[in-house]
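Trainee: What follows is a predicted protein model with its sequence.
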Amino acid sequence: MSTSVLRGEGLTMRFGGLVAIDSVDFSLRPGEILGIIGPNGAGKSTLFNVISGLYRASAGKVFLGERLLNGQAAHNVTRFGIARTFQSSRLFSDLSVLDNVIIGMHTRLRSGVLDALLRPSRARAELLMAAGHASELLAAVSTGLHAQRHRPACELAQADRRRLEIARALASDPKVLMLDEPSSGMDDRDTDALMNDIRAISAQRPDLSVMIIEHDMRLVAELPHRVMVIDYGRKIADGQFADIRSMPRVQEAYLGRRASNA
Ligand code: ADP
Ligand code: MG
C-alpha cells in the first residue's frame, strides 16, 4: 500500500526521436506542495501533459491513488480528481469571471445540454446552485477577484487572471492541483501575493496536493514542501530545496545555467 495521492513509475514521453520525459518516478503525498524546477525545455510541462491525459505516455505508469490513469482521456482525469492550469492563459475572455468558474465545475454538474432542453427547470436549479458555489469559491480564493465576478475575464489584471485560472481548476474539487508557472510574467509584488494565495488555498484544504512548476527562485525557496529537479527529461534531484540547491548537478543543470544566462 502506498500513501501517495499521485504516483509516476518510469514515466516516459517520446516525440519522435526526442525523449522529453525519461523514466521519471515521482510521488505526491496528501496535502503536499511539490515544486518542479528545471531549465527551459527540460520536460516539466510535458510531465503535466502526460499526467493530465493530454499526452499518452510512451512508457511507464501514472496512478491516482490505486487507479491507473494511463489511457484515460483528459476529461476523465479531471473527473477523477486532477485539475490544472496552463502556462499560457486559457480563460474564456468574453465570459464573466463567475461563468469561467462555473465552466470549471462542469465535471460535477449532472445536467447536460439535453437536460437544459428537455428539463429546463432542473437544469436551471442546478445552474443556480453552481453559481452560488462558484461565488463562494471565488471569495475563498480572493476577495478582490470575487468583487470582480461579473466583469468579463479579459478585463482582469494579469495576477487576477492567474487567480481565476486557479479558482476554475479548484471548481472541479480536485485531489491534485497542478500549476504550470503561475507566476510567469508577474512582478515581485504580484508573485508574493500569489504565493500567499496558494499557501492559503492549501491551508484551507488539508487534503489537497499541489504540484507547481516554477521558475521564480524566491517562490521555489519558500512555498513547496519538497522540490523535484528535471533536466533533459530526467529527474536529477528530489528533496527539500535547502538540501538540493547546493547539489553540484542541480547547480550545473539549473542554477548555474540560469545564473550564467542572467
Ligand atoms: P519545459 O516545460 O520544461 O520548458 P516542455 O515539457 O515544454 O519543457 O518541453 C520538453 C521538450 O519536449 C522540448 O524539447 C519540447 O520542444 C518538446 N516538446 C514538448 N511538447 C512537444 C510536442 N507536442 N511535440 C514535440 N515536441 C514537444
Ligand atoms: Mg513548460
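Mentor: Looks like it came in fine. Ligands and ions are numbered 1, 2, ... in the order given.
Trainee: Is Phe63 within a helix or a strand, and which one?
Mentor: strand 59-64 (DSSP states H and E).
Trainee: For the closest residue to Leu138 other than its chain neighbours, what is the enclosing helix or strand?
Mentor: Of all residues not flanking Leu138 in the chain, His146 sits nearest, at 4.2 Å (CB to CB, 6 or more residues apart in numbering). Any C-beta I mention is one placed from the backbone N, CA and C, and that applies to glycine too. Using DSSP H and E, the element containing His146 is helix 143-147.
Trainee: Please work out the average pLDDT along the following helix or strand past that helix.
Mentor: Next along the chain after helix 143-147, taking DSSP H and E as the criterion, comes helix 158-170. Averaging pLDDT along helix 158-170 yields 94.
Trainee: if we can go back for a sec, so for the strand holding Phe63, mean pLDDT?
Mentor: 98.
Trainee: returning to that earlier point: and the contacts of the helix holding His146?
Mentor: Val97, Ser135, Leu138, Ala139, Leu156, Asp160, Arg163, Leu164, Ala167 (CB atoms under 8 Å, 6 or more residues apart in numbering).
Trainee: ok, the fifth one to ligand 1 distance?
Mentor: Same thing as Leu156. Going from Leu156 to ligand 1 by CB to the nearest ligand atom, to the nearest Å gives 25 Å.
Trainee: Isn't that residue up against Val97?
Mentor: Yes. Counting by CB atoms under 8 Å, Leu156 does reach Val97; the two are 7.0 Å apart.
Trainee: Now for those two: what residues contact both?
Mentor: Leu145, Gln148, Leu164.
Trainee: List just the nearest of these to ligand 1.
Mentor: Leu164 (22.0 Å; CB to the nearest ligand atom).
Trainee: who touches that closest one in this structure?
Mentor: Leu164 makes contact with Leu91, Val97, Asn100, Val101, Leu145, Ala153, Leu156 under the criterion CB under 8 Å, 6+ apart.
Trainee: pLDDT check: weakest of those residues?
Mentor: Within these, Leu91 has the lowest pLDDT, namely 91.
Trainee: show me the contacts for that one.
Mentor: Asn100, Ala153, Cys154, Arg161, Leu164, Glu165, Arg168.
Trainee: ok, it to ligand 1 distance?
Mentor: Leu91 is 20 Å from ligand 1, by CB to the nearest ligand atom.
Trainee: Distance from the chain centre to the strand holding Phe63, please.
Mentor: How far strand 59-64 lies from its chain's middle: 18 Å, per CA atoms, centre = their mean, to the nearest Å.
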